[in-house]
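*Asks:* What shape does this take:
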Amino acid sequence: MSEKENIAEEQATEGVDVAGMAEGAEPDHAELTALLEDARGKADEHWDQVLRLQAELENAKRRTERDLANAHKFALERFASELLPVRDSLEMGLAAFENENTEKHKEGIELTLHMMSGVMDKFEITEINPQDQPFNPDFHQAMSLQERADVEPNTVVTVVQKGYLLHDRLIRPAMVIVSKAPDTA
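*Replies:* Here you go, the predicted model:
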């Protein structure tokens, strides 16, 4: 292959149109300007693609980091929801001993409940006990309504079962009885 053919082949692979040029003829100024503009346009297009890909990679990295942080933060959610009935049972057992004179049993349950509260605090499991607070459907589940004239309507009058949050995420709503205005029939 001759040297001219090698140069022509290299220019063809770079997107330069040499087919329209006569053998040995130099491209005129207009052709070179058009080729330069075409090359600049392709370079700009490729640069935009690079920037978009970099942005997509950065967004994917942030999403992955956030998902990983949430996975670490909420990994104990299932454990916590399994542990809650144990706490409820201890609280009910402690309430049953209120009327009996078995101080050692009561003291043991109080210590166990205190230990469990410490563990829950350590893992940022927060109790929701909305007694005498306005009903909030985001954190409370109404079991029934009760006519009450002595409190504002839509107020929690009885907490049947406490609710719990894990790192500000609801893992169990508080089961409550809510007041309503008495019928004026």
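*Asks:* next one: phi and psi at the spatially most central residue of the chain?
*Replies:* By C-alpha atoms, centre = their mean, the mean C-alpha position of the chain lies nearest to Asn70, the distance being 6.2 Å. Backbone geometry at Asn70, expressed as degrees, to the nearest 10, gives phi -70, psi -40.
*Asks:* Can you give me every residue that contacts it?
*Replies:* By C-beta atoms under 8 Å, 6 or more residues apart in numbering, the contact set of Asn70 is empty. To be clear about C-beta, it is placed using only N, CA and C from the backbone, and glycine gets the same treatment.
*Asks:* how close does it sit to Thr64?
*Replies:* As for Asn70, its distance to Thr64 is 11 Å (criterion: C-beta to C-beta, to the nearest Å).
*Asks:* for Phe135, same thing?
*Replies:* Taking C-beta to C-beta, one finds Phe135 at 39 Å from Thr64.
*Asks:* next one: Ile109
*Replies:* Distance from Ile109 to Thr64, by C-beta to C-beta: 45 Å.
*Asks:* Tell me where the chain is predicted with low confidence.
*Replies:* Within the chain, the segments meeting pLDDT under 70 span 1-25, 99-101, 185.
*Asks:* how about the helices of it, start to end?
*Replies:* Along the chain, counting by DSSP state H, helices occupy 3-13, 29-73, 77-96, 103-122.
*Asks:* I'd like those helices laid out as TSV, including distance to Met175.
*Replies:* TSV is the format used below for the helices of the chain (distance: least, C-beta to C-beta, whole Å):
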stretch	distance to Met175
helix 3-13	74
helix 29-73	26
helix 77-96	10
helix 103-122	18
